[in-house]
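K.L.:
below: sequence and its predicted model.
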Amino acid sequence: MIAFFRALLQPFETLIASLLTVLTSLTGNVGLAVILLTIIVRLVFHPLSRYGFKAIRKMQSLAPQMEVIRRKFKEDPQRTNQEIMGLYRTAGVNPLGGCLPSLVQLPVLIALWNVLRQGGRFAGQTFLGVPLDLQPSPALIAQNPFLLAFPLLIAASTYFQQRMSITDPQQARFFVFMPILFAYFSFTFPVGLSIYWIASTVLGIIEYYIVLGPPARRAPPPARPSAGRKQTGKAKPA
């Protein structure tokens, strides 16, 4: 299985490596080449991203109704899932619509990641005065505080992207740790990979705004009537 997946990625890796080499020779800087390559990949997959963004917007519009269902059947998870799937069918929404474009792009994105991780890819190259082959560490950040900007930008861009794409409040609470986790991961790979990650995430946010505009605000779910609240009736005659 691993050999098959590797064979699937090989053509993409060869193409991406060649394109990155050409862009590096044109710009004279591999950091700029990574940003341009990220833009090209985003443009190629824009139709799929457009489909996914529209699916996300449909899911967002159903969020208040989903919350009502969860409250109504909170003691019966199976019934909750049935009711939510019924809501999807009635509204003509595919719950996987927002994920499918990402799954289709996954082989190319993994190939791009593998190419950027190749040894010596960033050796001797700098971006904004920062060596691209450096891995941020507390010791290096103490010497050059600007290195801290890359993990912080990864966390911030990931957070804003999640705010736009996640429609389920329960998922939102779970994924609140993801920006911190990704920022932590950025300490384990070169700055050059951080540039790709930031550029790809920011371009995704821009695409979202171009296709859908600002994210729709989630409407608050209907308030449950208080158990102790007395029902108001007609005024009694004096």
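P.N.:
On my side now, so go ahead.
K.L.:
tell me the helix or strand right after the worst-scoring helix or strand of the chain on mean pLDDT.
P.N.:
When the helices and strands of the chain are scored by mean pLDDT, DSSP states H and E, helix 169-174 comes last with a mean of 62. Next along the chain after helix 169-174, taking DSSP states H and E as the criterion, comes helix 178-185.
K.L.:
ranges for the strands of this structure?
P.N.:
126-127, 130-131 (DSSP state E).
K.L.:
would you point to the one among those strands that's packed deepest?
P.N.:
Most buried of the strands of the chain by mean neighbour count (mean count of other Cβ atoms under 10 Å) is strand 130-131; its value is a mean of 19. Glycine gets a C-beta too; all of them are placed from N, C-alpha and C.
K.L.:
for that strand, give me every contacting residue.
P.N.:
Applying Cβ atoms under 8 Å, 6 or more residues apart in numbering, the contact partners of strand 130-131 are F122, Q125, N144, F146, L147, F150, V191.
K.L.:
I'd guessed A91 sits against K58; true?
P.N.:
Yes: counting by Cβ atoms under 8 Å, A91 does reach K58; the two are 7.0 Å apart.
K.L.:
higher neighbour count, these two?
P.N.:
K58 (17 against 12; other Cβ atoms under 10 Å).
K.L.:
verify the contact between that one and V93 for me.
P.N.:
Yes: checked against Cβ under 8 Å, the pair K58 and V93 is within contact range at 4.8 Å.
K.L.:
quick one, what contacts T188?
P.N.:
Here T188 is in contact with Q135 (Cβ under 8 Å, 6+ apart).
K.L.:
how close does it get to K74?
P.N.:
Note on T188: its distance to K74, by Cβ to Cβ, to the nearest Å, is 40 Å.
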